[in-house]
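Chemist: would you be able to build a 3D model of this:
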Amino acid sequence: MAGVFDRIAGAANTGEPELDDEVPLSEVDADESCTDGSGPEPTEERRTAQKVREAVQELLKYGLLEESQKPNLYRSALAHAEEVASILEPLDLAMGIDDVRGLIFVTVRQAGVDEEDDWSHPLVRRQRLNLEQSLLVAILRQHFIVYEQESGTGASLAQVAVDELIPQLQVYLGELGSEARERNRVITLLDQLRGHGLVSAPDAHDRAVIRPIITHLANPENLQALVAWLRAHLETGATPSSESKCEDDQA
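Modeler: Numbering: from 1, shown residues only. Prediction:
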């Protein structure tokens, strides 16, 4: 009985190719489809560089990159700004860069939209802050601006103590009747704003770091209008409701 090698040698002598009976035709077809140029090509080389992918994923996850927190990803996004922008563009998103403060953040493209009520984006949810949260944002932004004026733009260690914020909130919101309740109100509000990335958690000395992104998320005109509205209510003797909604929106 002729062996495999004998059959191959015989086929070579006759000039007729002979397939091994033990090889399924489906496998032969698959091999041919990969070599004739019509099959799938390896795509690893065509993919976006891993460091760029990681930077974009971080941007989409948290909405920002801080050089002080993620220096490698920040530098990758900055070095490949055009590539990152091209990835965000089909999503109607754009990349904001504040290289002085070491910030890269995501913004929403709203070309042609004039009214706030027309806000619409399938991936980004607008969160409207209540009165107390917006007031604290205005106070924190003032602290941060003063800190930058004293330490220079780009300084990123602006801190504020809970005890400093209590009397400033009392001016507009009134007193709660006890120091414990006052402190609890401030700490609760700070924790809520921490979820927006505006401050850090208070440390052991009850001091919170104000994040530089507050300069971009807090609209100065809206904050000034909020403070003016509160002062007007105080002059008339009315007590502002904590359930009122202000115009300071966070995307």
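
Chemist: domain ranges for this protein?
Modeler: 50-118, 127-250 (automatic domain parsing).

Chemist: now do the strands in the chain.
Modeler: 64-66, 93-98, 103-108, 127-130, 159-161, 207-209, 245-250 (DSSP state E).

Chemist: mean confidence for the third one?
Modeler: Mean pLDDT, computed over strand 103-108, is 89.

Chemist: how about stretch 89-100?
Modeler: Computed over stretch 89-100, the average pLDDT equals 90.

Chemist: check which residues of it are buried.
Modeler: 93, 95, 97, 98 (16 or more other Cβ atoms under 10 Å). In short, each C-beta sits where N, CA and C put it, glycine included.

Chemist: check the domains of the chain for me: which has the lowest mean pLDDT.
Modeler: Note on the domains of the chain: domain 127-250 shows the lowest mean pLDDT, a mean of 80.

Chemist: which residues are in contact with stretch 75-90?
Modeler: Defining contact as Cβ atoms under 8 Å, 6 or more residues apart in numbering, one finds that stretch 75-90 is touched by 48-49, 51-52, 54-56, 59, 65, 67, 94-95, 97, 99, 104, 106.

Chemist: related to what we said a few turns ago, dump the strands of the chain to JSON lines, plus distance to residue 228.
Modeler: As requested, those are exported to JSON lines (distance: least, Cβ to Cβ, whole Å):
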{"stretch": "strand 64-66", "distance to residue 228": "29"}
{"stretch": "strand 93-98", "distance to residue 228": "27"}
{"stretch": "strand 103-108", "distance to residue 228": "27"}
{"stretch": "strand 127-130", "distance to residue 228": "17"}
{"stretch": "strand 159-161", "distance to residue 228": "23"}
{"stretch": "strand 207-209", "distance to residue 228": "26"}
{"stretch": "strand 245-250", "distance to residue 228": "11"}
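
Chemist: thinking again about what came up before, which members of the contacts of stretch 75-90 define the maximum pairwise distance?
Modeler: 48 and 99 (22.5 Å; Cβ to Cβ).
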